[in-house]
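Asker: Structure, please.
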Amino acid sequence: MARIDPLPAFPTKLLIDGKWCDGADGGTITVANPFDGEALAEVAIATAADVDRAVEAAARAFPAWRALAAHDRGRLLLKLADAIEADTANLARLEALDTGHPIRDCLSLDVPRTVLCFRYFGGMADKLEGSVVPVDAGFLNYVEREPIGVVGAIVPWNFPLMFTSWKLGPALAAGNTVVIKPSEITPLSTLRIGELMQQVGFPDGVINIVTGYGHDAGQRIAEHPGIGKVAFTGSTATGRRIVEASATNLKKVQLELGGKGPNIVFADANLPAAVGGSAFAIFHNQGQACIAGSRLILHETIADAFLEKFVALARSIRLGDPLDPQTEMGPLTSRLHQERVLSFVEVAREQGGDVLTGGRAPVNAALAAGCFVEPTIVRAQPDHRVAQEEVFGPFVTVLTFRTDEEALAIANGTEYGLGAGLWTQDITRAHRFAKQIHAGMVWINSYKRVHPGSPFGGVGRSGYGREMGFEAMREYTVAKSVWVNVDAQIPPFYRR
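Answerer: Numbering: from 1, shown residues only. Just a heads-up that it's a prediction; the model follows:
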């Protein structure tokens, strides 16, 4: 088995006001490799007191960062993108070891998407324009976009490197300063990004990294009166708690939450393309993706033919060490999450679901120490829990339909609304479904395509607000309306 070089050096302390420091209570978090359980690092724990210090540093840095010419902010983001690209091998190893992502995915997707995101927002920094509004004669009314101030960003454990760029890119391009908390499970790539930001010349305090637990550091970010906005990616339950905590100062909140993506395959679909695309939709990153196509909705006339190929493909996926370039699926990111995903297999069986393949940890002794779950395919009914609740693993629920109306009803039959896919050669049907599906994103004859220029986000229990594109720049700014009396003659309102 070919392995990549050992883990490179990386910071393990908090980054506050340009200095790497221990947390206030001196505690540490053990970061473990989900493949073998071995400790990768002891990372400093940030408490609420550390968040306070980070917010103070970000507030001090904000006036100068906001005043910096937009093209100079963009230049730093572009330099950061170059530094990340040059550090691809190191960052890919960190991400693979910390998260369980196969190294091939880290090299081909995670790091390149991170670079692309910082480059996009580096170019966007001086492109956000205001507007002029036609109003009463004699007046000029213009609207400009201003940065919010200090932004709190909370990054999840499933794509920590990529989501760090999704938060930092637009926030910094718009002129905000940031306090960012990566997941305590997977903080290593975010810490490395902080180190690279220092190397390319970001001013002290513009970016502050606090590695701590959600119930302490995350809670303080959500409730802190000095933070003007919280951008959160994670579970719907945690998102609700963040909204409640944010009421302390009515801060702006952006939520990218869970999903239960419908992936509809019609009778006229290109079957080989749909099988391959549907496998990527659910099994990429071990299914640990909010946009995963976790409900596979098949027309009954092609269901058997589709499943024959789909099950065979699932069984052929190579599980293994994330650092092995031949590995196609690594472990789930933690033991606790592995147990949660496997618990849904029993839930499915209890409600009469049929497990077509998987549903267990692999029996291979070489994988026994890892947090693995075999690719799992379960036939069920639309009202079953596995068709309604987010499993967040390599676990797909198969449902069938007869008519377009039934397919749409199943697709819209959950409280989530993040991503959705459909496979058909009928262009009229494709556009009709794209309009009628309750989701923030729809892919036609593909799945899980993302780009920094395309807005990313959901509706319903999947949250609100948008990452990426012009929409993201608006999310990290506020509109200010300015009225100028050019030559209007205003008669006295009160006459004496």
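Asker: Next, work out how far apart residue 226 and residue 197 are.
Answerer: 21 Å (C-beta to C-beta, to the nearest Å). Heads up, the C-betas are built off the backbone N, CA and C, glycines and all.
Asker: quick one, which of those two is more surrounded?
Answerer: residue 197 (23 against 17; other C-beta atoms under 10 Å).
Asker: List the contacts of the nearest residue in space to the more buried one that is not next to it in sequence.
Answerer: What sits nearest to residue 197 in space, not counting adjacent residues and going by C-beta to C-beta, 6 or more residues apart in numbering, is residue 207, at 5.4 Å. Residues counted as contacts of residue 207 (C-beta atoms under 8 Å, 6 or more residues apart in numbering) are 15, 168, 172, 177, 178, 180, 194, 197.
Asker: would you turn these into JSON lines with secondary structure, distance to residue 122 and pLDDT?
Answerer: What follows is these, written out as JSON lines (DSSP: H, G, I helix; E, B strand; the rest coil; distance: C-beta to C-beta, whole Å; pLDDT from 0 to 100):
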{"residue": "15", "secondary structure": "strand", "distance to residue 122": "21", "pLDDT": "98"}
{"residue": "168", "secondary structure": "helix", "distance to residue 122": "11", "pLDDT": "98"}
{"residue": "172", "secondary structure": "helix", "distance to residue 122": "9", "pLDDT": "98"}
{"residue": "177", "secondary structure": "strand", "distance to residue 122": "17", "pLDDT": "98"}
{"residue": "178", "secondary structure": "strand", "distance to residue 122": "15", "pLDDT": "98"}
{"residue": "180", "secondary structure": "strand", "distance to residue 122": "18", "pLDDT": "98"}
{"residue": "194", "secondary structure": "helix", "distance to residue 122": "17", "pLDDT": "98"}
{"residue": "197", "secondary structure": "helix", "distance to residue 122": "13", "pLDDT": "98"}
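Asker: Among those, which pair sits farthest apart?
Answerer: 15 and 172 (14.4 Å; C-beta to C-beta).
Asker: need the contacts of residue 207 in JSON lines with distance to residue 463, can you?
Answerer: Formatted as JSON lines, the contacts of residue 207 follow (distance: C-beta to C-beta, whole Å):
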{"residue": "15", "distance to residue 463": "27"}
{"residue": "168", "distance to residue 463": "19"}
{"residue": "172", "distance to residue 463": "22"}
{"residue": "177", "distance to residue 463": "24"}
{"residue": "178", "distance to residue 463": "20"}
{"residue": "180", "distance to residue 463": "18"}
{"residue": "194", "distance to residue 463": "26"}
{"residue": "197", "distance to residue 463": "27"}
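Asker: Closest one to residue 391 out of those residues, please.
Answerer: Residue 391 lies nearest to residue 180 out of the contacts of residue 207, by C-beta to C-beta, at 27.7 Å.
Asker: Spell out which residues make up each domain of the protein.
Answerer: Segmentation of the chain into domains, based on automatic domain parsing, reads 14-257+458-481, 262-444.
Asker: what kind of secondary structure is the residue nearest to residue 214 when sequence neighbours are not counted in?
Answerer: In space, and not counting its chain neighbours, residue 214 is closest to residue 238: 6.7 Å by C-beta to C-beta, 6+ apart. Under DSSP: H, G, I helix; E, B strand; the rest coil, the three-state class of residue 238 is helix.
Asker: So which residues of the stretch 51-200 of the chain form helices?
Answerer: Assigned helices in the stretch 51-200 of the chain, in chain order: 70-86, 88-99, 103-105, 111-124, 160-173, 188-200 (criterion: DSSP state H, counting those that start in this stretch).
Asker: Minimum distance to residue 308: which of these has it?
Answerer: Closest of these to residue 308 is helix 103-105, at 26.8 Å (criterion: C-beta to C-beta).
Asker: So what touches the closest one?
Answerer: Residues outside helix 103-105 that contact it (C-beta under 8 Å, 6+ apart) are 4, 92, 93, 96, 284, 285, 322, 323, 324, 325, 327, 328.
Asker: Repeat the analysis, applying 7 Å as the threshold.
Answerer: Applying C-beta atoms under 7 Å, 6 or more residues apart in numbering, the external contacts of helix 103-105 come out as 4, 92, 96, 285, 322, 323, 325.
Asker: quick one: what helix or strand has the last one in it?
Answerer: It stands for residue 325. Residue 325 belongs to no helix or strand when assigned by DSSP states H and E.
Asker: residues near it, how many?
Answerer: Neighbourhood size, residue 325 [other C-beta under 10 Å]: 15.
Asker: so what's it scoring on pLDDT?
Answerer: If you check residue 325, the pLDDT there is 97.
Asker: One more: the second one?
Answerer: Here, the pLDDT recorded for residue 92 equals 97.
Asker: do the same with the fifth one
Answerer: You'll see residue 322 listed with a pLDDT of 97.
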